[in-house]
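Engineer: What would the 3D arrangement of this be:
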Amino acid sequence: MWIKKTILLLYFLSLTAIYAQIENESEPPYNIKTISFVQNNKNVLPFFRLGETFELQFDDLFGNEADYYYTITQYNYDWTPTTLAKVEYLTGLDNQRIITYENSFNTLQLYSHYRQQFPNKYNRITKSGNYIIKIFNDEQELVFSRKFIIYEEEVRVATEVRRARDFESLNEKQNIEIAINYGDLLLQNPIQNVKITIFKNGNWKEQISNIKPQYTIGSELIYKYNKETQFWAGNEFYTLDNSQIRVTNNTVSRVTAGDIYNSHLYVNKARKNGVYTYFPDFNGNFIVLNSNSENSEVGADYSWVYFTLDAPNMFHDESIYVTGMFNNYATNEENKMSYNEESGLFEKAILIKQGYTNYLYTLLDKNKKIDYQNAIDGNYYQTENNYTIIVYYKGNNDRYHRVIGISNTNSEGIRN
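Structural biologist: Prediction:
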């Protein structure tokens with residue numbers, strides 16, 4: 001009997017371990033490009049009010065009108081699965097085929113462009129929280145997945161960006177101060193049950209979590225830490241403009257044609273240890289645009305974009321990647337630069353959809369972790385960044401984390 005009980009105990013423990021795993025995004029294969037969440041025909045950060053409309057869009061370079069399906073799953077604050085059944089947060093059924101798609105028009109690179117709107121006639125999300133949409137092919141193989149957050153506005157969130165308070169990083173970091181006012185909302189033990197996550201420029205890889213309120217004033221939770229809510233400031237993004245794909249400009253030095261166009265960019269020189277200079281950017285975002293097409297979703301072409309970086313010798317033993325929202329800041333082989341011994345420059349060609357694209361050079365150390373402190377383009381407190389604060393709440397008897405508040409702020413008016 002005790003053997004059976006032991007086996008059952010081990011079984012349930014293994015199930016618990018499985019369901020406690022943290023879920024990460026799955027990056028797509030090489031034929032899937034330009035994945036984005038869209039509202040009002042603009043690429044947006046994936047934070048949406050409960051009930052409002054948004055779309056997931058992507059391209060398939062095979063251009064064969066393949067069948068793709070999607071599922072939606074809810075997660076806790078820490079991206080472990082909730083214990084809710086799907087019917088408790090989703091009306092209708094998911095695992096639906098994406099039926100809205102069309103092929104590219106008048107482009108050298110053939111592709112099929114897919115669009116899936118939410119909510120739709122098949123399903124609707126009914127609860128706030130963390131979610132992941134997973135895209136499968138017709139053989140039910142996972143193609144890629146993306147995180148997004150559905151929020152309610154139950155609390156007021158005041159935020160302010162200040163310079164770092166410690167002398168060591170005074171000129172290199174930005175500190176986020178937060179005050180959450182929950183007013184008459186009844187929250188059980190808010191010090192423990194309210195949690196926040198701070199995102200910089202909507203980048204899942206650059207966030208701060210698990211920060212408790214420093215103190216309370218009435219119905220306000222106050223976060224005024226010196227170090228715990230600091231971000232390395234970085235530098236402004238570079239911008240690629242190939243909206244007129246056959247034309248050179250102040251970002252594209254020359255254009256060549258083959259099976260598709262090739263956009264050769266001017267050499268970027270590492271800005272670390274230089275003087276901060278303001279360059280207008282989209283804080284990592286991108287705009288799909290063919291200036292000569294009425295519908296850029298299917299009229300914008302793809303080109304091989306050749307990036308060239310002149311970086312100091314100190315970076316030669318580390319890995320450098322070209323990243324931005326256009327590739328979900330992915331530090332994989334597809335975006336990794338190679339060092340050219342002959343020219344003494346780092347080089348990389350990446351297939352990118354036509355338009356305006358923000359990008360930066362991301363440095364990984366020997367442990368494959370992003371090295372923000374030694375960023376290739378330096379850290380300057382004056383850098384203009386967007387910050388998003390997400391507020392979660394899970395009562396003592398609740399089975400999932402609600403998202404009860406959101407705030408967006410910008411460092412443009414940074415204070416001392």
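Engineer: Helices along the protein, start to end?
Structural biologist: Along the chain, counting by DSSP state H, helices occupy 2-19, 86-89, 190-193, 296-299.
Engineer: rank those by pLDDT, which is bottom?
Structural biologist: Among the helices of the chain, helix 2-19 carries the lowest mean pLDDT, at a mean of 48.
Engineer: Tyr69 touches Ile99, doesn't it?
Structural biologist: No - using Cβ atoms under 8 Å, Tyr69 makes no contact with Ile99, being 10.4 Å away. (C-beta placed from N, C-alpha, C; glycine too.)
Engineer: Who has more neighbours out of these two?
Structural biologist: A direct count of neighbours by other Cβ atoms under 10 Å for Tyr69 and Ile99 places Tyr69 higher, at 17 against 12.
Engineer: mind listing the strands for the stretch 301-416 of the chain?
Structural biologist: 302-310, 319-323, 338-340, 345-353, 355-364, 386-393, 402-410 (DSSP state E, counting those that start in this stretch).
Engineer: Which positions within the fourth one qualify as buried?
Structural biologist: When burial is assessed from 16 or more other Cβ atoms under 10 Å, strand 345-353 yields the following buried residues: Leu345, Phe346, Lys348, Ala349, Ile350, Leu351, Ile352, Lys353.
Engineer: what sits up against stretch 213-225?
Structural biologist: 175-184, 190-191, 194, 196, 211, 229 (Cβ atoms under 8 Å, 6 or more residues apart in numbering).
Engineer: Identify the residue nearest the residue positioned nearest the centre of the chain in space, chain neighbours excluded?
Structural biologist: In the chain, the C-alpha nearest the mean C-alpha coordinate belongs to Asn203, at 3.8 Å (Cα atoms, centre = their mean). Computed as Cβ to Cβ, 6 or more residues apart in numbering, the closest residue to Asn203 that is not its neighbour in sequence is Tyr329, at 5.5 Å.
Engineer: Correct me if wrong: that neighbour contacts Thr323.
Structural biologist: Yes - counting by Cβ under 8 Å, Tyr329 does reach Thr323; the two are 4.4 Å apart.
Engineer: how near is Lys269 to Gln57?
Structural biologist: From Lys269 across to Gln57, the span is 35 Å (Cβ to Cβ, to the nearest Å).
Engineer: These two: which is more packed in?
Structural biologist: Gln57 (19 against 15).
Engineer: List the beta-bridge partners for that one.
Structural biologist: Beta bridges link Gln57 to Ser36, Arg115, judged by DSSP bridges.
Engineer: quick one: it from Tyr131, how far?
Structural biologist: Distance from Gln57 to Tyr131, by Cβ to Cβ: 17 Å.
Engineer: Number of residues surrounding Ala300?
Structural biologist: 29.
Engineer: and what of Ile211?
Structural biologist: So Ile211, with other Cβ under 10 Å, has 16 neighbours.
Engineer: separation between the closest residue to it other than its chain neighbours and Ile370?
Structural biologist: Once flanking residues are discounted, Ile211 sits nearest to Glu228: 5.5 Å by Cβ to Cβ, 6+ apart. As defined by Cβ to Cβ, Glu228 lies at a distance of 19 Å from Ile370.
Engineer: Kindly report the same for Val403.
Structural biologist: From Val403 to Ile370 the distance is 26 Å (Cβ to Cβ).
Engineer: what about stretch 233-252, distance to the chain center?
Structural biologist: Its chain's C-alpha centre and that of stretch 233-252 lie 20 Å apart, by Cα atoms, centre = their mean, to the nearest Å.
Engineer: Going by neighbour count, list what's buried in that stretch.
Structural biologist: 233-243, 245, 251-252.
Engineer: Over to stretch 271-278?
Structural biologist: Arg271, Lys272.
Engineer: What mean pLDDT does it get?
Structural biologist: 92.
Engineer: Now do the end-to-end distance for it.
Structural biologist: 12 Å (Cα to Cα, to the nearest Å).
Engineer: Run through who's touching that stretch.
Structural biologist: Outside stretch 271-278, the residues within contact range by Cβ under 8 Å, 6+ apart are Asn235, Glu236, Pro312, Asn374, Ala375, Ile376, Asp377, Gly378, Tyr380, Gln382, Thr383, Glu384.
Engineer: cool, and stretch 360-368?
Structural biologist: Identification of contacts with stretch 360-368 by Cβ under 8 Å, 6+ apart yields 234-235, 237-238, 268, 270, 284, 309, 311, 315, 317-324, 329, 331, 337, 370-371, 374-377.
Engineer: from those, which would you call buried?
Structural biologist: 234-235, 237-238, 268, 270, 284, 309, 311, 315, 320-324, 329, 331, 337, 370-371, 375-377.
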